[in-house]
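J.: the following comprises the amino acid sequence and a computationally predicted model.
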Amino acid sequence: MVSRPEKTLGVLGGMGPAATAEFLRILAQNAPAQRDQEHPRIIVLSDPSIPDRNQAVFGSGDDPTPLLRCGLERLIEWGADVLAVPCNTAHFFIDRFRRELTAPFVHIVEATVGLAIEKSPRGAWLLSTSGTRRSGLYTDYARRVGYRFLDPSEAEQERIQESLTRVKAGKMPEAGAALRKVIEKLWERENTLVVTACTELPLAYAVSGLPKDREVSSLQALGDACIACLYVYGNCGKDPRLPQRQPQEGKDCRSLGDSNGDEQEQG
């Protein structure tokens, strides 16, 4: 019999909602549980009002940092012992205050690059939002650990962005078809695995008809890392090297800023 993890996972989602739902499905599917009581306790704050991360990287939108920070601190207030955010581009902003959080944070970039190294040691194509590409989140970390990423062309990047935008709009067949065309072109140049480093892209890949074993999914990598943290590594306790900071109690995240609901949010 598996014992339910003592620690509670806090998930800040809504970036986008479909990716968050898929992340929760992965957690439920991969947990080594045989009955309800053996699954981890998960607190979810799904906040699609967080400003567009992609636009913010390019300086054309509101800074999402205050709402990201407030959301994570709120999860800690609610009892989360470990934190995760199923949105790659958001990590560019979270990295600014990660060390000030009072609970361990499972980092999607570190988890995804680790899985890529395991599945494709010689390198992989990097598929992401344009904002993640511009930020250097993946390429900078890969350089530090000695991993090689291949970059699509600017024209291919635009089509990748179109695919993930269609996922957010619920147009899954179109998203899958668009992504397939791009990946097939990439494989003509170098036939190696693709890393879907935007949490919408695994959903598009799943309906693309491409082989599942040719993808390294950032959603899957984050889910695997959270399960390992909760079940394998036990406590996943606070790193004593991190400064301990008390979150502000009673803060209303909605008061920190408004976003335009008509804008596309990139995850």
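T.: Nice, I can see it.

J.: longest single helix anywhere in the chain?
T.: Criterion DSSP state H: the longest helix present in the chain is helix 172-189.

J.: shaky segments in the stretch 151-267 of the chain?
T.: 233-252, 254-267 (pLDDT under 70).

J.: now the helices for it?
T.: Along the stretch 151-267 of the chain, counting by DSSP state H, counting those that start in this stretch, helices occupy 154-168, 172-189, 201-206, 218-227.

J.: okay, those in a markdown table with distance to residue 134 and mean neighbour count next?
T.: Where C-beta positions appear, they are placed from N, C-alpha and C, glycine not excepted. Shown next, in a markdown table, are the helices of the stretch 151-267 of the chain (distance: least, C-beta to C-beta, whole Å; neighbours: other C-beta atoms under 10 Å):
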| stretch | distance to residue 134 | mean neighbour count |
| --- | --- | --- |
| helix 154-168 | 10 | 19 |
| helix 172-189 | 18 | 18 |
| helix 201-206 | 17 | 25 |
| helix 218-227 | 17 | 24 |
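
J.: among those, which comes closest to residue 82?
T.: Proximity to residue 82 (C-beta to C-beta) singles out helix 218-227 among the helices of the stretch 151-267 of the chain, at 7.2 Å.

J.: which strands and helices lie in contact with that closest one?
T.: helix 17-30, strand 82-84, strand 105-106, helix 108-119, strand 194-196, helix 201-206 (3 or more C-beta pairs under 8 Å, 6 or more residues apart in numbering; DSSP states H and E).

J.: could you check the angle helix 17-30 makes with that helix?
T.: On the basis of axes from the mean of the first three to the mean of the last three C-alpha atoms, to 10 degrees, helix 218-227 is oriented at 50 degrees to helix 17-30.

J.: identify the residues contacting helix 218-227?
T.: Here helix 218-227 makes contact (C-beta atoms under 8 Å, 6 or more residues apart in numbering) with 9, 19, 22-23, 26-27, 30-32, 82, 84, 86, 88, 106, 108, 110-112, 114-115, 195-199, 201-202.

J.: good, wrapping up.
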